[in-house]
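>>> below is the sequence, then the predicted model.
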Amino acid sequence: MSGYALDTFIADCDAAADAYCDPADCVQAVAPLMERLLESDRSFLKPAHFRSDPERYARNAIYIAPDGHLSLFVLVWLPGQWTPVHDHGSWGVVGVLQGMLEERSFMAIDGAITSDDGIRLKRGGVILLKERSISSFVPNPDHIHMTGVPVDRPMAVTLHLYGRNMNSFHIFDVAQGTRRLIDVPHQDT
């Protein structure tokens, strides 16, 4: 395993974010960096990064840029824990450290979402991300999905790098056709 340090990863991601204004170009540049980090000795991870919560998946902050343009989290998913249906408002790259993360996509039936009500979503595909897998997303149109671990699968641990401080996002009520912006808690470590 290589010794790709967290500080080097962050610096490399900063450089990629600065070099590429288009989110698709940015995630194309950052995905190999995430692969390199997943292949590293992971010495940057502390026991506190693996904190879990029996009530919901746990978000453990590893790095949040002082100006909020970049953030990195470890998420711990116990069996049966899922996000609500949500978007991001940012580009992002996700890598699986342990287990398997399931992603269930949703699509807006009427095109771009321009208000918080009258939203019609339909289910899309499912992606199963195994250990060392990498996924990415870009906004506009935003990536609407839910992620988690079914009750019959073991715990998963994932790394999430976002192109902003991921301290809020929209959650969707698919049945009611609404969305609302929420603040998202995380444990600083």
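Yep, that arrived. Numbering: from 1, shown residues only.

>>> confirm for me that Pro23 is in contact with Asp142.
No. Pro23 lies out of contact with Asp142 (C-beta atoms under 8 Å); the separation is 10.4 Å. From N, CA and C alone the C-beta is placed, and that goes for glycine too.

>>> between the two, what contacts are shared?
Common contact partners of Pro23 and Asp142 (C-beta atoms under 8 Å, 6 or more residues apart in numbering): none.

>>> and the pLDDT for the residue nearest to Ala5 when sequence neighbours are not counted?
In this structure, Ala5 finds its nearest non-sequential neighbour in Phe44, 6.7 Å apart by C-beta to C-beta, 6 or more residues apart in numbering. Turning to Phe44, the model gives it a pLDDT of 90.

>>> phi, psi of Met107?
Backbone torsions of Met107, given as degrees, to the nearest 10, read phi -130, psi 140.

>>> my error: substitute Val184 in the last question.
Dihedral angles for Val184 - degrees, to the nearest 10 - are phi -110, psi 120.

>>> can you pull the contacts of it?
Arg59, Met166, Asn167, Ser168, Phe169 are the contacts of Val184 under C-beta under 8 Å, 6+ apart.

>>> for those, pick the one with the most neighbours.
Met166 (23 neighbours; other C-beta atoms under 10 Å).

>>> the closest residue to that residue other than its chain neighbours: how many residues sit nearby?
Nearest non-adjacent residue to Met166, counting by C-beta to C-beta, 6+ apart: Ser71, 5.2 Å away. By other C-beta under 10 Å, 22 other residues sit near Ser71.

>>> for Ser71, give the beta-bridge partners.
Ile64, Tyr162 (DSSP bridges).

>>> what sits against it?
Ala61, Tyr63, Ile64, Ala65, Leu161, Tyr162, Arg164, Asn165, Met166, Asn167.

>>> which two of these have the greatest separation?
Leu161 and Asn167 (14.6 Å; C-beta to C-beta).

>>> list the buried residues in the lengthiest helix in the chain.
Using DSSP state H, we find that the single longest helix of the chain is helix 23-39. Of all the residues in helix 23-39, those buried under the rule 16 or more other C-beta atoms under 10 Å are Pro23, Cys26, Val27, Ala29, Val30, Ala31, Leu33, Met34, Glu35, Leu37, Leu38.

>>> just to revisit the earlier point, distance to Cys13 and pLDDT added to the contacts of Ser71, as CSV?
Putting these into CSV (distance: C-beta to C-beta, whole Å; pLDDT from 0 to 100) gives the following:
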residue, distance to Cys13, pLDDT
Ala61, 15, 94
Tyr63, 9, 95
Ile64, 13, 95
Ala65, 10, 96
Leu161, 6, 98
Tyr162, 10, 97
Arg164, 12, 96
Asn165, 14, 95
Met166, 14, 93
Asn167, 18, 93
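
>>> among those residues, who's most crowded?
Busiest of those [other C-beta under 10 Å] is Leu161, holding 27 neighbours.
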